[in-house]
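# Sequence first, predicted coordinates after that:
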Amino acid sequence: MTATGVVVEDTGHGAAEAHAAHVTSTGLSNVKIAMWAFLGSECLLFGALISTYLLYRGKSMVGPYPKDVYDIPYTSVSSFVLLMSSLTMVLALAAIQRGDHRRLRVWLLATALLGSTFIGGQAYEFTTFYREGLSLHRNLFGSSFFVLTGFHGAHVTIGILMLLSLFSLSLRGKLPTSKAETVELVGLYWHFVDVVWIVIFTLIYLVPSK
Amino acid sequence: MTEAEVVTHETGHPSEAQYVRVALILAGLTAVEVAVYYISGLKKVLIPILLVLATTKFSMVALWFMHLKFDSRMFRRLFVTGIVVAIIVYLIALSSLHVFS
Amino acid sequence: MAVRRRTGAGRKARRAWLTVVVGLSMLLAACAKNAPQDTLKPASPDTRSIDGLFWLTFWVAVVVFVLVEGLLVFAVIRHRDKGESEEPVQTHGNARLELGWTIAPALVLFLLAFPTVGTIWRLARSRPNPINVTVIGHQFWWEYRYTDLGVVTANELHLPINRNVRLTIKSGDVIHSFWVPRLFGKHDAEPGRVAHINARAERPGVYFGECVEFCGLSHANMRNRAIAQTADDFAAWVAGQRQLPAAPAAGSDADGGFNLFRTKGCSGCHTIEGVSKGMIGPNLTHVFARTSFAGSTLDMNPDNLRRWLSDPPKVKPGSKMPNLGLSESEISQLIAYLETLT
Amino acid sequence: MSDVAIPLNGQRGLLHRPAKAAPGLWGWLTTVDHKKIGLLYLGTAFIFFVIGGIEALIIRAQLGGPNGHVVSANTYNQIFTMHGTTMIFLVVMPLSAGFANYVVPLMIGARDVAFPRLNAFGYWTFAVGGLFMYSSFLLGGAPNGGWFGYAPQTVKAYSPGHNIDFWVFGLQILGIASLTGAVNLIVTIINMRAPGMSFLRMPIFVWMTLVAQFLLLFAMPVITVALFLLMFDRLFGANFFEIQAGADPLLWQHLFWIFGHPEVYILILPAMGIVSEVLPVFSRRPLFGYSVMVISGVAIGFMGWGVWAHHMFATGLGPLAKSAFAVSTMLIAVPTGVKIFNWLATLMGGKIRVTTPLLMACGFVGMFTIGGLSGVTHAIVPADTQQTDTYYIVAHFHYVLFGGSIFGLFAGAYYWYPKMFGHMLSDALGKLQFALMLIGFNMTFGPFHILGLQGMPRRIYTYPAHRGWDFWNFVATIGSFIIALSVLVFIINVIRSRKTAAASADPWDARTLEWSISSPPPEFNFAHVPVVTARDDLWHRKYTEDEGGRAVPIQPPPPSNQVYDEFDEETAAGIHLPSPSFFPLLASLGLAVLAYGLIYKAWPVVGLGALWIIGAIYAWALEPATAEVHDEIVQELEPEPVEVAP
């Protein structure tokens, strides 16, 4: 659930009265605590999917097995792409914090493009595996692999949607510097999705199957 | 990465150069991971190395890119609680399902 | 201020105390006359040690129960507002008390932990030279295969007294749970997994049991019986089970039933040694020697057989055996044939 | 609430947003006021409580005597599954959410929750999820796999109909509602406390709600994954639970119970919080050992994650795992015991006003103790292999869930009813309900202990005669109808309460902030945000302690506006309140459309549902964040007038 629909009215420049609602007990912003709590609970979600994969590793009765289909160099490139998208994301955040809206749009677009490249890579990998006989129905490896990486892919796609929304809002002048926190939230979500892929890439692709 | 000239921006966030340097290190670690995967000599030690590398990359992205190093401890507490609960609970579940033996 | 009626408060407290006493007395009147699946009447060494553990925990619980409930009711009655004007002393806490009622329960539980863990490991240990029986749970009946003795039967597990019997628990479809309360604690029958139960009877008799993990429509009709016999009765039973049933005399009702068995499709699901190889339903080679059938829900007699054969799903909803639409005469012939399978 | 809708201040968002809460139905559908949402939660949950109760009566009628045939096997399986699922997901959780939504902001001195529209979305998703699951009765059969739907039994091969699909998607929707509610309440409690309200000055109900919401935050994703795996198995032919493909039948049990056990603490902690508020007020003394109560609540929260496999002692876990989980289950009894002793210490030496909330709270302490004790017997693994899956377990969880949560929630209902509705519930009828419920409850679930020990399995739609079960089953059936009678008495009490005298702001002479404002409170709660100086702040504005430690009213009595929050029309108008919005409701309905589409594999409907949800979320995000901002401020805002809520 990405849209937090918060009503922290932006006091921005010169709004007169400081309502008690905007002064928070910890001085931190509501939406940021909400996002970190949400990311904490997402750890449990991906943890369960990864555990299911680890449980069923080496238990498939029929092929194809991980060794038959995995193309490590290919996947490491797409991991690199996602890693770099974290860099462009954080540069985008730095840009808006400096008030440089043009540079913000450049880096947002770069992040969205890198994310799309990653998703394209995943889609290609899925079709290749599918052609090699691996499917949800084929064996335990097929089920657990596709559901885990599919869930991650869905999260990346939602991230790309949010990045493009930020880009269009910025184009239409609806993303002022005072709204830098919105970009930071999308950034946190994006880095989290990248961090989950770091774990997936190691545990699923690199650690050899029994 | 030197701790010293970290804070160049008045809101206490690292500078752009800092971000690029962290990204290069992460890229390097990924390359090391893939390289280690192919070195047959390290077969027995492969899994610990991979886990260490993955944890390093994980914490670097979290600390630098997600600003956990610079923001309030509240965020760190929320995130780390989720991670710790997940790791403990799923390790117990997987070990009772005899995945590791 | 809320209106306080002194008598109302007293009456309420007494009524609460009365309920607790009534509840407690009901609990103590636990031993109904004939409860064949009563876990409080152990009939094997294992269930006796479980029973011992239960009563130990029970009496500890009773002490805590009387202490806590007594204090609760006493506090409400003794310290109820009798209309005095002054307020009570505003005590905030007492570190020593807190420490006390943290350590004390922990200690009691710690003492309980030793017998518990000890019994867990003792019950899990495999016993010397057992009789091996594979128990397979199917949707809605239990199958037993005496792998060493070459006997296959259903619903009723025969075992000799004072001999270790090692049950290997499996399932052919969903998760069931095999349990004869007076002989052993239950263990789930999980498909794709193998589990073991150590059974041992001390006195001959019929011990009742039931499937105890929800497994579908007729979960309630998936019962079983364990028949403990003396060594020679058991040997006689095994010998009987190993004999092939004699073919029925030509031209008799039984012979008609025999033909119906093969033409109406019964042979496709049921195995009768030397006649058919069907693996879906129970083995019927010596079906009439059993005291119950249809998941041990019906006693073995011609009337129940007739009721079962006329419409099996009505007796056991969801049973895989369909309603074959047999006529009365066909059912009579089939019953005649089944009566020869002793 | 002023009836005149003040015109929006000229900031046209993507779509027009009503400025002020409209009266009548439209006001309720678009409300973002935490009090109205709290009442919606409580009302909807009470309706489901009555439905769940009727299901219970059907079960008891079927089992009243041997070979019962009131309902068929299939109907019985649907009824007992829906009774379990309803009572847990549609009654106890929403009742706790309702009280948390209504009372927590008042207790911490806040004007609303952190994310009002997300709060509305949480309620509507809960309501939609409940109705969606109950629509299964009309569309071919309700879920019939038990409230925890063990895997191989609920895969397509053994549960062919759509029954289990409704269960899977219903729980997914309810999961979204709980997760959004958890995030909302966590941020509210952490970040929106009144000045001076440190963590250790918060009421215990707020603490227990916070722990329960963290348990929800981390437990919901686990069952979401389990349900997704089952959905992929049933709809798309995956083989997570296909035994022939090598799947492990224990995967579902582990995933479900890793959620399942924190879930039962989610069900009990709020009720424990309510009891910790009620007992001090009616004993006229502070809660005994406040900090120990907080620590034990947090300890239960953490240890709740280490005990789940005590639901699986009859499976092939192996002696090592069984011993470990036996010990951890015993350990978790310690903090629970500490809480009970602290409640007793609060009562001991108090001046106890025996009113209905107090009796309900004492009922909680009494009955929950019995449930806790029978719970400890389940930690004894060998004994548990005789007790699990029998009516002994059914007795245990009814003593903790009904004897515990329901008694605690009724204590909360009687305690906060004057605050919510502005008039009192009759104490006499309340005590009648308490007596009937206590007697009926013990008559129903006491005998279950006996039936369980006599080997009666749970979830059997019928049982033969000559098992020794007939008498106690009959007693239990009578008891269940007495419980039904007590609930009827409650309904009568509520209906008749319309005509009772108006309640003052502080009818119980209570201790916490929600009693410092009028009953029912104005929409903005506090005209002047309270500055908190002590724990149980309201009590310390009225009483001080003499040298003997006894409480004595402060002499000379302080002016009433220093104790209670009084305000005039002018200050009330100046307070900015979040504006209503109908997009949360819209987004919730989208979830149901998506779920129906997936069940019947009607891909256009799935597409429609997905677009509907995305559209509703975008419209919600792009909605103008504010209503009537005063004119002189409008000019100073930047050129881009419309702000975006993140």
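Here it is on my side, so go on. Residues are numbered from 1 along each chain as shown, chains lettered A, B, ... in the order given.
# where's B:Asn47, which helix or strand?
You called it Asn, but residue B:47 is Ile. helix B:46-60 (DSSP states H and E).
# Doesn't D:Gly363 lie inside a helix?
Yes. Under DSSP: H, G, I helix; E, B strand; the rest coil, D:Gly363 sits within a helix.
# that older thread, residues making contact with the helix holding B:Ile47?
Helix B:46-60 is contacted from outside by A:195, A:198-199, A:201-203, A:206-208, B:22, B:25-26, B:29-30, B:32-33, B:36-37, B:42, using C-beta atoms under 8 Å, 6 or more residues apart in numbering or on different chains. Quick note: C-beta positions are derived from backbone N, CA and C, even for glycine.
# What are the boundaries of the helices in chain C?
Assigned by DSSP state H, chain C shows helices spanning C:6-28, C:45-78, C:95-124, C:231-242, C:253-263, C:266-269, C:302-310, C:312-315, C:328-339.
# near chain D at all, the helix or strand of chain A with the lowest mean pLDDT?
Within chain A, no helix or strand scores below helix A:66-69, which has a mean of 91 by mean pLDDT, DSSP states H and E. No. Against chain D, helix A:66-69 shows no contacts by C-beta under 8 Å from any C-beta of the partner chain, the least distance being 14.7 Å.
# Can you name the element that comes right after that helix?
The helix or strand immediately downstream of helix A:66-69 is helix A:72-98, counting by DSSP H and E.
# Return the distance of that following helix from the chain's centre.
Centre-to-centre, helix A:72-98 and its host chain are 11 Å apart (C-alpha atoms, centre = their mean, to the nearest Å).
# which secondary structure elements does it contact?
Applying 3 or more C-beta pairs under 8 Å, 6 or more residues apart in numbering or on different chains; DSSP states H and E, one finds that helix A:72-98 contacts helix A:101-131, helix A:180-200, helix B:16-38.
# Highest mean neighbour count out of those?
Scoring the helices and strands packed on helix A:72-98 by mean neighbour count under mean count of other C-beta atoms under 10 Å in any protein chain shown gives helix A:180-200 as the most buried, with a mean of 24.
# Spit out the contact partners of residue 91.
Picked chain A for this. Contacts of A:Leu91 by C-beta under 8 Å, 6+ apart are A:103, A:107, B:16, B:19.
# that's the other chain; I wanted chain D
Per C-beta under 8 Å, 6+ apart, neighbours of D:Val91: D:45, D:48-49, D:52.
# Apply 10 Å and report the result again.
With contacts defined as C-beta atoms under 10 Å, 6 or more residues apart in numbering or on different chains, D:Val91 is in contact with D:44-53, D:85, D:130, D:267, D:401, D:405-406, D:409.
# Which ChimeraX command selects the buried ones in these?
In ChimeraX syntax, the buried subset of these is picked out as below (16 or more other C-beta atoms under 10 Å in any protein chain shown):
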select /D:44,45,46,48,49,51,52,53,85,130,267,401,405,406,409
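# at contact distance from chain C, anything in the strand or helix carrying D:Ala333?
Taking DSSP H and E as the criterion, D:Ala333 maps to helix D:319-347. Yes. Judged by C-beta under 10 Å from any C-beta of the partner chain, helix D:319-347 comes into contact with chain C at D:319-320, D:322-324, D:326-327, D:329-338, D:340-347.
# from what I can see D:Arg117 touches D:Pro580, true?
Yes. Taking C-beta atoms under 10 Å as the definition, D:Arg117 is a contact partner of D:Pro580 at 8.9 Å.
# shared neighbours, those two?
Residues touching both D:Arg117 and D:Pro580 (C-beta under 10 Å, 6+ apart) are D:30, D:32.
# Which ones among the contacts of D:Val91 lie within helices?
Judged by DSSP H, helices contain the following of these: D:44-53, D:85, D:130, D:267, D:409.
# Can you give me the neighbour number for the closest residue to chain C within chain A?
Chain C sits closest to A:Lys59 of chain A, with a gap of 10.2 Å, by C-beta to the nearest C-beta. As a burial measure, A:Lys59 scores 17 neighbours (other C-beta atoms under 10 Å in any protein chain shown).
# Skipping its backbone neighbours, what lies nearest it in space?
Distances taken as C-beta to C-beta, 6 or more residues apart in numbering or on different chains place D:Gly246 nearest to A:Lys59, at 4.7 Å, with adjacent residues excluded.
# circling back: which secondary structure elements does the least confident helix or strand of chain A contact?
Contacts defined by 3 or more C-beta pairs under 10 Å, 6 or more residues apart in numbering or on different chains; DSSP states H and E place helix A:66-69 against helix A:101-131, helix A:140-171.
# Out of those, flag the one nearest C:Gly265.
helix A:140-171 (36.3 Å; C-beta to C-beta).
# Buried residues, that closest one. List them.
Counting neighbours by 16+ other C-beta under 10 Å, one finds that the buried residues in helix A:140-171 are A:140-149, A:151-153, A:155-156, A:159-160, A:162-163, A:165-167, A:169-170.
# That helix and chain B, any residue contact?
No. Helix A:140-171 lies out of reach of chain B by C-beta under 10 Å from any C-beta, never closer than 12.7 Å.
# any idea of the angle that helix forms with helix A:72-98?
Relative orientation of helix A:140-171 and helix A:72-98, computed by axes from the mean of the first three to the mean of the last three C-alpha atoms, to 10 degrees: 30 degrees.
# Mind checking if helix A:140-171 is in reach of chain D?
Yes. Between helix A:140-171 and chain D, judged by C-beta under 10 Å from any C-beta, the touching residues are A:140-144, A:146-148, A:150-151, A:158, A:161-162, A:165-166, A:169.
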